[in-house]
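*Asks:* The following block contains a protein sequence and its predicted model.
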Amino acid sequence: LDADGDGVRTQADQPLEGVHIALESAIPENTREAAFQPDGSYLINGLRPGDFTLRVTAPDGYLISFDPNSPLSPATGPANSAEVTIGMGDIIQGQDVAAVHTHALSGRVYFDNNLSRDAQDDEPGIAQAEIKLRHLLSKIEFTAVTEADGSYSVPVLFPGAYTLSMALPEDQELYAPRGA
């Protein structure tokens, strides 16, 4: 478990139960699953040379994160995979897999008719606005489109800092009234 979400293994990071790791081959009898140790390390034995898909699945409520020592790219879901080639006699070590708790963000885009900066029940939502969240460390973007009432939800996010941007539908314009 990548406790601070930075993608680097540290003393604060703890083993996470329920992770599934396998090297899958086009030849089914060459597919192998990882054997886990109490410290969270894993080992895959008995591999023949060839091309494999490294497949990692995190338990519910977690994402496979970014880790500079992993062949995996950041994922926006609980499963991730990478293509790897193993040659005769290869010993591959240090293939860390970082997992993080997921977070969510939701809100509402609305016309602030009375300029109170606080949503009122009688202020209509803006439908079809696009909300983008860009994770500053991994550069992954998460996107949501507002519903008819202006509500949106991004149910799966990495921990960390984000930039948020919004694009209104083409038939809408954003302007600031005088004195705002």
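*Replies:* Structure's in. What do you need?

*Asks:* And the strands in the chain?
*Replies:* 20-24, 32-33, 35-36, 42-43, 50-57, 62-64, 79-86, 99-101, 103-108, 130-135, 141-145, 151-157, 162-167 (DSSP state E).

*Asks:* which other residues reach the last one?
*Replies:* Which is strand 162-167. For strand 162-167, contacts defined as CB atoms under 8 Å, 6 or more residues apart in numbering pick out 109, 129, 130, 131, 132, 133, 134, 135, 136. Every residue, glycine included, has its C-beta placed from N, CA and C.

*Asks:* for those residues, which one is nearest residue 50?
*Replies:* Of all those, residue 50 sits closest to residue 135, with 34.3 Å by CB to CB.

*Asks:* out of the contacts of strand 162-167, which are buried?
*Replies:* 109, 129, 131, 133, 135 (16 or more other CB atoms under 10 Å).

*Asks:* Present those as TSV; the columns should include distance to residue 118 and pLDDT.
*Replies:* As requested, the buried ones among the contacts of strand 162-167 are exported to TSV (distance: CB to CB, whole Å; pLDDT from 0 to 100):
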residue	distance to residue 118	pLDDT
109	14	90
129	19	94
131	19	94
133	23	91
135	28	83
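
*Asks:* Out of the residues you listed, which is nearest to residue 27?
*Replies:* Within the buried ones among the contacts of strand 162-167, the smallest distance to residue 27 is 37.2 Å, found for residue 135 (CB to CB).

*Asks:* who's the closest one bridged to?
*Replies:* Applying DSSP bridges to residue 135 yields these beta-bridge partners: residue 162.

*Asks:* circling back: go through the contacts of strand 162-167 and name the one nearest residue 168.
*Replies:* residue 129 (5.3 Å).

*Asks:* I'd like the distance between that closest one and residue 165.
*Replies:* 11 Å (CB to CB, to the nearest Å).

*Asks:* Equivalent analysis for residue 47, please.
*Replies:* 45 Å.

*Asks:* So for those two, which residue has more residues nearby?
*Replies:* When residue 47 and residue 165 are compared for neighbours, residue 47 comes out ahead with 15 against 12, by other CB atoms under 10 Å.

*Asks:* Can you give me every residue that contacts that one?
*Replies:* Here residue 47 is in contact with 23, 30, 32, 86 (CB under 8 Å, 6+ apart).

*Asks:* so, if you compare these, which one comes nearest to residue 173?
*Replies:* Residue 173 lies nearest to residue 23 out of the contacts of residue 47, by CB to CB, at 53.3 Å.
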